[in-house]
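Student: I need the structure of the sequence given here:
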Amino acid sequence: MWGGIVTYGSNQRKFFFSDLTAKINIEDLLLEAYILVSKCSFTYQDVKSMTKLERAVFLKLYTKDLEAQKNAFEQHIN
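Tutor: Coordinates of the predicted model:
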């Protein structure tokens with residue numbers, strides 16, 4: 001469980017801290033982490049170290065890949 005701001009060396013417990021301070025919904029952040037870990041093969045540690053912009057770009061790329069797969073499938077069916 002998150003125990004506040006930690007001042008020692010590592011990135012422990014700073015999970016998406018900049019986003020949390022911006023009052024972003026924690027469920028949205030965890031959904032982003034779930035998608036990036038389970039669908040994009042990042043590690044959870046990778047996702048925790050990403051900035052909001054980095055996560056957004058990778059999610060956008062993943063969405064484009066899904067759309068391309070959908071279009072290819074639809075063309076193959078027709």
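Student: any weak-confidence spans in the chain?
Tutor: For the chain, applying pLDDT under 70 flags the ranges 1-24.
Student: for it, which helix is longest?
Tutor: helix 52-77 (DSSP state H).
Student: what packs against that one?
Tutor: Packed against helix 52-77 by the contact rule (3 or more Cβ pairs under 8 Å, 6 or more residues apart in numbering; DSSP states H and E) you find helix 26-38. (Glycine included, C-beta is placed from N, CA and C.)
Student: The helix it packs on: what's the following helix or strand?
Tutor: Following helix 26-38 in sequence order, the next helix or strand is helix 44-49 (DSSP states H and E).
Student: Can I get that following helix as CSV, trimmed to CA atoms?
Tutor: Extracted C-alpha coordinates of helix 44-49, given in CSV (Å, rounded to 0.1, in the frame of the first residue of the first chain):
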residue,chain,number,x,y,z
TYR,A,44,5.5,-3.2,-14.2
GLN,A,45,8.7,-1.5,-13.2
ASP,A,46,9.0,-0.1,-16.7
VAL,A,47,5.5,1.4,-16.5
LYS,A,48,6.1,2.8,-13.1
SER,A,49,9.1,4.7,-14.4
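Student: Could you name the helices and strands sitting against that helix?
Tutor: Helix 44-49 is packed against helix 26-38, with contacts defined by 3+ Cβ pairs under 8 Å, 6+ apart.
Student: tilt between the helix it packs on and helix 52-77?
Tutor: Inter-element angle recorded for helix 26-38 and helix 52-77: 60 degrees (by axes from the mean of the first three to the mean of the last three Cα atoms, to 10 degrees).
Student: Tell me the buried residues in helix 26-38?
Tutor: By neighbour count with 16 or more other Cβ atoms under 10 Å, helix 26-38 contains the buried residues L29, E32, A33, I35, L36.
Student: So the third one is in contact with D46, correct?
Tutor: No. The pair formed by A33 and D46 falls short of the contact definition of Cβ atoms under 8 Å, at 9.8 Å.
Student: circling back: now the buried residues of helix 26-38 in JSON lines, with distance to N78?
Tutor: JSON lines is the format used below for the buried residues of helix 26-38 (distance: Cβ to Cβ, whole Å):
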{"residue": "L29", "distance to N78": "39"}
{"residue": "E32", "distance to N78": "34"}
{"residue": "A33", "distance to N78": "37"}
{"residue": "I35", "distance to N78": "29"}
{"residue": "L36", "distance to N78": "32"}
